[in-house]
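Undergrad: Mind folding the following:
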Amino acid sequence: MKLHLPLNITAADSDSRTITGRIVAFDEPANASTGKVVFAKGSVEPKPVILNLEHDRTRRIGKTLEMSVAPDGMSIDATFKIANTTAGTDALIEASEGLRDGLSVEFAVTDYITDKKTGVMRVTAGELTGVALVSEPAIRSARVSEVAASEDDEIKDENSATTEVADNQPTEKETTVSESTDSVSTEVSVEAAQAITAAAATGVAYTKPRIEVTPGKYLENTIKAALGDDDARQYVAAAADTTDNAGLVPTRQLATVINGLATTIRPSIDAISRGTLPDAGMTFEIPKITTLPTVAETSEAGTPSETDQAAAFVTVNVKKYAGQQTFSVELMDRTSPMFYDELVRNLAAQYAAATNAAVSAALVSGATADSTTTTTYPTATELLGFVSRGAASVFNATKGLPVPYATKLIGGTGQWGNIMTLNDSGRPIYMAQNPMNAGGAVSATSLRGNVAGLDFYVDPSLNSGDADGTLIMVNPDAYTWYEGSTYQLRADVIASGQISLMFYGYGAIATKIAAGAFKNNKA
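TA: Down below sits the predicted model:
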């Protein structure tokens, strides 16, 4: 069972960024989260803990600098180092000016005695799990005595509504405790834990009755159970049975996110040359020779062959690729940071997919279609024929480039699956490793490899079947992808309390020599 027991701050030092106060007063009645509580002398051992704001696990402001038992043994005082953050600074100011000057101890009870007449719980053993800076303490004798400002510290926090101790505690000695959030109040949750624990300890047996579970009846019976009422204990034990009352035991959500949709691979872009986007303008031009001068055999004293060299410009259009999501400020402030991190990752993945699809479309559009058609996925012989015809076609179109031939082959997922089955006289055509005469090692993970001497790339943005353009040979220098930096733009919409996040970047695909690519042609 866990308690939230407020006391008061005795000191706050704004120069050294510390807050000092009494966190436990032994044998002094206090209003805890479970009702009236008295801590027996020696029931609490000092230990380093995190200082949270109002028990809110998303508002971590400091950690223990010093904690000790008073000389008379009747109280525990602690000094907390406050982080150099906006929240930490605000907390120091509020503590020093008496606006928020209470300290609330958070305690995991392991042994206690409840007075059946008064209902007061006397805690005899347990573990300190945290402390919170609060505005209204339960024990009036513990308040801030000193506030100060200095270096930033690592902070952890805790939420009183869910009665959880924060993860990643600052020292190895601290204990992590968590309890569920119900539709019932926090006091009910703690009392329920107390009653159920007591029932389990005494071995109470019951026949599961049909019961009506409401917050009011649950609260009533948990209080009675704590006072020793066996019928009430059976009610609480039955209510805890998740077979009929699953709502009382909430479903936990893990931090792991399943995402089978997003990928950042860009095979078509990887298969061609890359360039840096010019620093200005939404178009740019690349000069291209369109007519060569001529040289011919010339007779003695004859007139040399004369043909004027001509040039033109390839105009390249710069495109913006952008995506955004608008969400509430509550979603940003009151949920796990995992949401925002995953959103940014997915926007980056979608940017990668959009830019790769643009390059794939340019290759399919510009490539020369094979004059020989196939009716379905190519056989080994048909694939080798396609490669040989494509090699000649691309060489004729790009023979003036530094590398005058096709070196890359891009295929859709359907073509990839087919190619893995092909062999030439027993030798696999697709080799993921050892691309010489050895067979290599090909598996379902082989998204890159070698097919008939060409570097092979599997591109999911291409058609997944055997349609035109699902196999493309390309000379990388015939097509170039120009790209700049990517950006994130966040805007807070005050009128609606929403946040808009945009992820965007600029890119341009230059088709320098369209015939530098060669594609399959389905009949």
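
Undergrad: quick one: buried residues of stretch 270-279?
TA: Going by neighbour count (16 or more other CB atoms under 10 Å), the buried part of stretch 270-279 is 270, 271, 272, 273, 277, 278. Quick note: C-beta positions are derived from backbone N, CA and C, even for glycine.

Undergrad: And the last one, how far from residue 268?
TA: Same thing as residue 278. Distance of residue 278 to residue 268, given as CB to CB, to the nearest Å: 22 Å.

Undergrad: what two of the buried residues of stretch 270-279 have the greatest distance between them?
TA: Greatest spacing in the buried residues of stretch 270-279, by CB to CB: 271 and 278 (23.0 Å).

Undergrad: Let me know whether residue 518 touches residue 396 as I believe.
TA: No. Applying CB atoms under 8 Å, one finds residue 518 not in contact with residue 396, separated by 10.4 Å.

Undergrad: With neighbour numbers in mind, choose between these two.
TA: The neighbour count for residue 518 versus residue 396, taken as other CB atoms under 10 Å, is higher for residue 518 (26 against 12).

Undergrad: what's near enough to touch the more buried one?
TA: Counting by CB atoms under 8 Å, 6 or more residues apart in numbering, residue 518 touches 367, 368, 370, 389, 390, 393, 394, 406, 472, 473, 474.

Undergrad: Confirm that it sits in a helix.
TA: No. Residue 518 is assigned strand when assessed by DSSP: H, G, I helix; E, B strand; the rest coil, not a helix.

Undergrad: Now do it, the pLDDT please.
TA: Residue-level confidence at residue 518 comes out at 98, pLDDT.

Undergrad: In space, what's closest to it - neighbours in sequence excluded?
TA: In space, not counting the residues next to it along the chain, residue 518 is nearest to residue 390; the distance is 3.6 Å by CB to CB, 6 or more residues apart in numbering.

Undergrad: Does the one you found touch residue 473 like I think?
TA: Yes. In this structure, residue 390 is within contact of residue 473 by CB under 8 Å, at 3.9 Å.

Undergrad: what's the overlap in contacts for the two?
TA: 406, 518.

Undergrad: and the two? which has more neighbours close in?
TA: When residue 390 and residue 473 are compared for neighbours, residue 473 comes out ahead with 30 against 26, by other CB under 10 Å.

Undergrad: so where is the stretch 51-200 of the chain shaky, pLDDT-wise?
TA: 136-200 (pLDDT under 70).

Undergrad: what are the ranges of the helices in it?
TA: Here the stretch 51-200 of the chain has its helices, by DSSP state H, counting those that start in this stretch, at 86-96, 186-202.

Undergrad: Could you export whichever strand or helix holds residue 223 as CSV, CA atoms only?
TA: Per DSSP states H and E: residue 223 is located in helix 215-226. Taking C-alpha atoms only, helix 215-226 is exported to CSV below (Å, rounded to 0.1, in the frame of the first residue of the first chain):
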residue,chain,number,x,y,z
PRO,A,215,-17.5,3.9,-6.7
GLY,A,216,-19.7,4.6,-3.7
LYS,A,217,-20.2,0.9,-2.7
TYR,A,218,-16.6,0.1,-3.4
LEU,A,219,-15.4,3.0,-1.1
GLU,A,220,-17.9,2.0,1.6
ASN,A,221,-16.7,-1.7,1.6
THR,A,222,-13.0,-0.9,1.4
ILE,A,223,-13.3,1.3,4.5
LYS,A,224,-15.3,-1.5,6.3
ALA,A,225,-12.8,-4.1,5.2
ALA,A,226,-9.9,-2.0,6.6
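
Undergrad: after it, next one along is what?
TA: Assigned by DSSP H and E, the successor of helix 215-226 is helix 230-239.

Undergrad: Run through the neighbouring helices and strands of that following helix.
TA: If contacts are counted by 3 or more CB pairs under 8 Å, 6 or more residues apart in numbering; DSSP states H and E, helix 230-239 sits against helix 186-202, helix 215-226.

Undergrad: count of neighbours near residue 323?
TA: 14.

Undergrad: so after the helix or strand hosting it, what's the next helix or strand?
TA: Counting by DSSP H and E, the element that carries residue 323 is strand 319-328. Per DSSP H and E, the first helix or strand lying C-terminal to strand 319-328 is helix 329-334.

Undergrad: picking that back up, so which of the buried residues of stretch 270-279 would you say is closest to residue 485?
TA: Minimum distance to residue 485 across the buried residues of stretch 270-279 is 8.8 Å, recorded for residue 277 (CB to CB).

Undergrad: The closest one is in contact with residue 507, isn't it?
TA: Yes. Counting by CB under 8 Å, residue 507 is a contact partner of residue 277 at 6.9 Å.

Undergrad: burial of residue 503, as a residue count?
TA: Neighbours around residue 503, by other CB under 10 Å: 22.

Undergrad: Could you give the bridge partners of it?
TA: residue 323, residue 488 (DSSP bridges).

Undergrad: Pretty sure residue 320 is one of the things it touches, is it not?
TA: No. Look at residue 503 against residue 320 with CB under 8 Å: they stay out of range, at 11.4 Å.

Undergrad: Excluding covalently adjacent residues, which one is nearest to residue 295?
TA: Residue 295's closest residue in space is residue 305 (CB to CB, 6+ apart), at 6.0 Å.
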